[in-house]
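> Build me a model:
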Amino acid sequence: MFEPRIIRGNDQVIGAAKPVPPPEGAPSSFRFEEAPIAEVVRTMLGDILKVDYVLHPPISGSITLATQQPVAPDQAIFLLETALQANGLAMLRDPRGAYHVGRPETLKGIGAAVRQAGVGSGPLPPGSGAVVVPLQYIGAAEMATILRPMVPPEALIRVDTVRNLLVLAGSRAQAEGWLDIISTFDVNLLKGMSVGVFPLKYVSVKEVEAALQWLSTGGAPRQNNQAADRPVSAIAMPGAAPGGTAAGPADNMPLPLAGAVRVLPIERINSILVVTPRAAYLDEARRWIERLDQPSDNSAEPQLFIYQVQNVNARHLASVLSGIFGTKPAPGTAANSGVAPGLPAATTSSNSNSSNSSPVIEGLWLGTGAIGSSQSRFGGFRSGRFGSGQATTGASGARDTPSAPAVAALGNIRVMADELNNSVLVWSTRAEYAKIESTLRRLDLPPTQVLIEASIIEVTLNDDLRYGLQWAFNDSRSGIDRGQGALSSRDGTSTGGILGGALAGFSYALKSPAGAVRAMLNVLSAKTTVKVVASPSLMVLDNHTASIAVGDQTPIQAGTTSNLEGTVTSTNIEYKDTGVNLVVTPSVNAGNIVTMQIDQSVTDVGAKDEVTNQRAFLQRQLSSKVSVRSGESIVMGGLIQESSSSTKSGIPVLHALPLFGNLFGTTVNDGRRTELLVIITPRVVRSDIDIRQVSEELRDRMKGFVGLQQPPALQPAVQD
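This is a model prediction of the structure:
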């Protein structure tokens, strides 16, 4: 496809006119009473203005010409030219600057200097002759039509449509009057015009063409467009017979708006273009078009309608429509779908063991494509890295690959999802589509999203917290709702409460506003060491799954390759994901209560096995379902880890002696106990305003972080 190519000119269609210097001299006054014309010309042009002139006989008669005050030379010549014209004489200026005075028929053989009018040309020079007028906006032929009734017979008007200019011939006074008229009409008409494009929803352009032509022209519609196969629902003309033939004088009845409103049909987009010089006429045109664009009550013919989906998936809408209009619920569902009025009941048969089954419905066929379900187990991470997070689709399991289109046939109604254009195609009558469209608009709502903010915090347990953080949270003044969770170990047994030692998992959950949790963490930071391991944030759609993985990858020996002699030649290394893996599936109701399905696993590196010389991995899994209001936090804790180390130092060689080595060295045994907290705060995001607020909040956090990281400015040293 070629892009538009524009080659702009310089807008110069005629040559530049030679500049005409204005008459020179000082202002003067004069008074002539019934003086001979030749004497007046001699005095004015020769004595006062000092210009060359020629008198062409016969010149007879007398004139009266007087001024009360001194006038400029240009004004004096204008007064003289007006007085000569009143006596049937003309005055023109030749290209050399000499003035000729005589009768018009006598001066025809003398070529007058061509004058130009327009932008930048200045005032017209004195004398009669041709004036070239370039036009900016109006057409030359249209402007000539306007001027001709106001031009005397002896004057001349020529039209140049190629250059869009006029050539006028007359006196200076006549030319100035014509130029005033031209400047009145030569304006940017398109800039002053008001334009409206009105798409038709129920009828076609051809159906309302007759009425619109009558509205725009004020007369009968054009006969050449009245085909024999015009639809029955065509709009009847005022005063027309039922058969479409004009009857009575209303056929040519004029309208007050005839010509003021121009109506142009655009069949390609089934719209009406209205052009008018008055913006208020567009409102009147809209009202008329809305009256004409009405659904036909007696139209029972089905047609194709296209609904452009705005927010959700077209395939999903088509599937929902099939369930609303007559589909029985799938096996295993508790809902009971009703049958639309006037439609037969539908039966469904499907193979529940196949993930690509296509249910066969009586009166309806629905191609489901590849729809299954997804289920995750937590034996480790899925390509997780420290601090990484990802969002995946939820239980629908719909693939992104192209599949069979979703088509539903409900009696005479057919619904199909156009996944490429994200549209729903409906083949039905207009009345049936009105009901379906109302349903589609109520279903096509912006999807609700949930911002999940997770914080993984490691707290060192000192003497004050030797029993774990659950004892610290049991303070009734903290404003935190306490709860007890169940922990599933690898062997399927369930444990509760606080689990001590290295085998402890998340054993309790707390619900509280985010401010109360931050206050508790501030209190803990004053008593012990609080370390934020990771604090990821991610956005996920409602009823979809978000996963957060925080940890490392530990290399393990997966196998070895040996030769015939039994010598190991190569070792296969695999990487095992360790750390915390959190998968959250939020579900939001109308009251901003977020129900979260939380699946969590913790994998730690254990000691080496003496037999296999491989690392053991300690794994704990937690699956729970909680409800929390948007903005409140869920705190899960109870994973207590204990590590110990022994360091021996002393005098070299001597501290390693048996029996007496302790006399020359020291042994330091160090033990460390930590508890891991996971804080999840969901925030419901329903509109673009909420998204902007979340983005601005995250941006402000980053600005504050960058400000804390900047080093202090260096102060210049002051020398005494």
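
> mind showing which ranges of the stretch 501-650 of the chain have poor pLDDT?
Along the stretch 501-650 of the chain, the parts satisfying pLDDT under 70 run over 501-527, 566, 568, 638-639, 641-648.

> Ok, the stretch 51-200 of the chain next?
118-122.

> For it, just list every one of the helices.
In the stretch 51-200 of the chain, the segments counted as helices under DSSP state H, counting those that start in this stretch are 73-86, 140-147, 172-185, 189-192.

> Go ahead and name everything in contact with the third one.
By Cβ atoms under 8 Å, 6 or more residues apart in numbering, the list of residues contacting helix 172-185 from outside reads 78, 81-82, 85, 115, 117, 124-128, 131, 133, 135, 138, 143, 146-147, 150-152, 155, 166, 168, 170. (C-beta placed from N, C-alpha, C; glycine too.)

> what's the answer for the last one, then?
With contact meaning Cβ under 8 Å, 6+ apart, helix 189-192 is reached by 137-138, 277.

> In TSV, list those along with neighbour count and distance to Pro447.
Formatted as TSV, the contacts of helix 189-192 follow (neighbours: other Cβ atoms under 10 Å; distance: Cβ to Cβ, whole Å):
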residue	neighbour count	distance to Pro447
Tyr137	14	51
Ile138	16	55
Pro277	13	47
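
> So which of those residues are in strands?
Among those, none falls in strands (DSSP state E).

> For my notes, please list those residues in JSON lines and give distance to Ile266 for each entry.
Listed next are those as JSON lines, based on distance: Cβ to Cβ, whole Å:
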{"residue": "Tyr137", "distance to Ile266": "25"}
{"residue": "Ile138", "distance to Ile266": "26"}
{"residue": "Pro277", "distance to Ile266": "21"}
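
> Nearest to Arg441 among those?
If you rank those by distance to Arg441 using Cβ to Cβ, Pro277 comes first, at 37.6 Å.

> Contacts only, for the closest one.
192-194, 260.

> By neighbour count, which of those residues wins?
Ser194 (15 neighbours; other Cβ atoms under 10 Å).

> Bridged to it, which residues?
Thr276 (DSSP bridges).

> measure it to Leu292 for me?
Distance, Ser194 to Leu292, using Cβ to Cβ, to the nearest Å: 20 Å.

> Now do the helices in this structure.
37-41, 73-86, 140-147, 172-185, 189-192, 205-217, 280-292, 314-324, 430-443, 469-473, 514-527, 688-709 (DSSP state H).

> For Asp604, which of those is the nearest?
Per Cβ to Cβ, nearest to Asp604 of the helices of the chain: helix 469-473, 18.5 Å.

> The nearest residue to Leu156 once chain neighbours are set aside: how many residues sit nearby?
Excluding the flanking residues, the one nearest Leu156 by Cβ to Cβ, 6 or more residues apart in numbering is Ala169, at 3.6 Å. Counted by other Cβ under 10 Å, the residues lying close to Ala169 total 17.

> just Asp180 next, same as before
9.

> Can you add distance to Met636 and give the helices of the stretch 51-200 of the chain back as JSON lines?
Listed next are the helices of the stretch 51-200 of the chain as JSON lines, based on distance: least, Cβ to Cβ, whole Å:
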{"stretch": "helix 73-86", "distance to Met636": "97"}
{"stretch": "helix 140-147", "distance to Met636": "82"}
{"stretch": "helix 172-185", "distance to Met636": "81"}
{"stretch": "helix 189-192", "distance to Met636": "67"}
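
> Point out the most buried one among those helices.
Compared across the helices of the stretch 51-200 of the chain, helix 73-86 shows the largest average neighbour count, a mean of 19 (mean count of other Cβ atoms under 10 Å).

> Return it as PDB; C-alpha atoms alone will do.
Coordinates of each C-alpha in helix 73-86 appear next as PDB, following Å, rounded to 0.1, in the frame of the first residue of the first chain:
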ATOM      1  CA  PRO A  73      -2.300  64.000  -5.100                       C
ATOM      2  CA  ASP A  74      -3.900  60.500  -5.300                       C
ATOM      3  CA  GLN A  75      -7.200  61.800  -4.000                       C
ATOM      4  CA  ALA A  76      -7.000  64.700  -6.500                       C
ATOM      5  CA  ILE A  77      -6.700  62.300  -9.400                       C
ATOM      6  CA  PHE A  78      -9.600  60.200  -8.100                       C
ATOM      7  CA  LEU A  79     -11.800  63.300  -8.000                       C
ATOM      8  CA  LEU A  80     -10.800  64.300 -11.500                       C
ATOM      9  CA  GLU A  81     -11.500  60.800 -12.800                       C
ATOM     10  CA  THR A  82     -15.000  60.800 -11.200                       C
ATOM     11  CA  ALA A  83     -15.800  64.100 -12.700                       C
ATOM     12  CA  LEU A  84     -14.700  63.000 -16.200                       C
ATOM     13  CA  GLN A  85     -16.700  59.800 -15.900                       C
ATOM     14  CA  ALA A  86     -19.800  61.900 -15.100                       C
END
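
> My guess is Leu212 contacts Leu273. True?
No: Leu212 is not in contact with Leu273 according to Cβ atoms under 8 Å; the separation is 10.3 Å.

> what do the two both touch?
Common neighbours of Leu212 and Leu273 (Cβ under 8 Å, 6+ apart) are 263, 265.

> out of those two, which sits in the more crowded spot?
Leu212 (22 against 14).

> For the residue lying closest to that one once chain neighbours are set aside, grab the count of nearby residues.
Nearest residue to Leu212, sequence neighbours excluded (Cβ to Cβ, 6+ apart): Val263, at 4.5 Å. Neighbours of Val263 under the rule other Cβ under 10 Å: 22.

> Please report the distance of Val263 from Val205.
Applying Cβ to Cβ to Val263 and Val205 gives a distance of 10 Å.

> Could you report the neighbour count for Ser687?
When neighbours are counted by other Cβ under 10 Å, Ser687 comes out with 11.

> what's the answer for Pro199, then?
For Pro199, using other Cβ under 10 Å, the count is 11.

> And Arg683, by the same measure?
Arg683: 21 surrounding residues under other Cβ under 10 Å.

> I'd guessed Gly129 sits against Ala112; true?
Yes: in this structure, Gly129 is within contact of Ala112 by Cβ under 8 Å, at 3.1 Å.

> any common contacting residues for those two?
92-93.

> who's more crowded, these two?
Gly129 (25 against 19).

> For beta bridges, what are the partners of that one?
With DSSP bridges as the rule, Gly129 is bridged to Gly170.

> In contact with it: list those residues for me.
Gly129 neighbours (Cβ under 8 Å, 6+ apart): 92-93, 112-115, 169.

> Make JSON lines from the helices of the chain and add distance to Gln600 to it.
Shown next, in JSON lines, are the helices of the chain (distance: least, Cβ to Cβ, whole Å):
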{"stretch": "helix 37-41", "distance to Gln600": "113"}
{"stretch": "helix 73-86", "distance to Gln600": "97"}
{"stretch": "helix 140-147", "distance to Gln600": "81"}
{"stretch": "helix 172-185", "distance to Gln600": "80"}
{"stretch": "helix 189-192", "distance to Gln600": "66"}
{"stretch": "helix 205-217", "distance to Gln600": "62"}
{"stretch": "helix 280-292", "distance to Gln600": "59"}
{"stretch": "helix 314-324", "distance to Gln600": "30"}
{"stretch": "helix 430-443", "distance to Gln600": "34"}
{"stretch": "helix 469-473", "distance to Gln600": "17"}
{"stretch": "helix 514-527", "distance to Gln600": "18"}
{"stretch": "helix 688-709", "distance to Gln600": "24"}
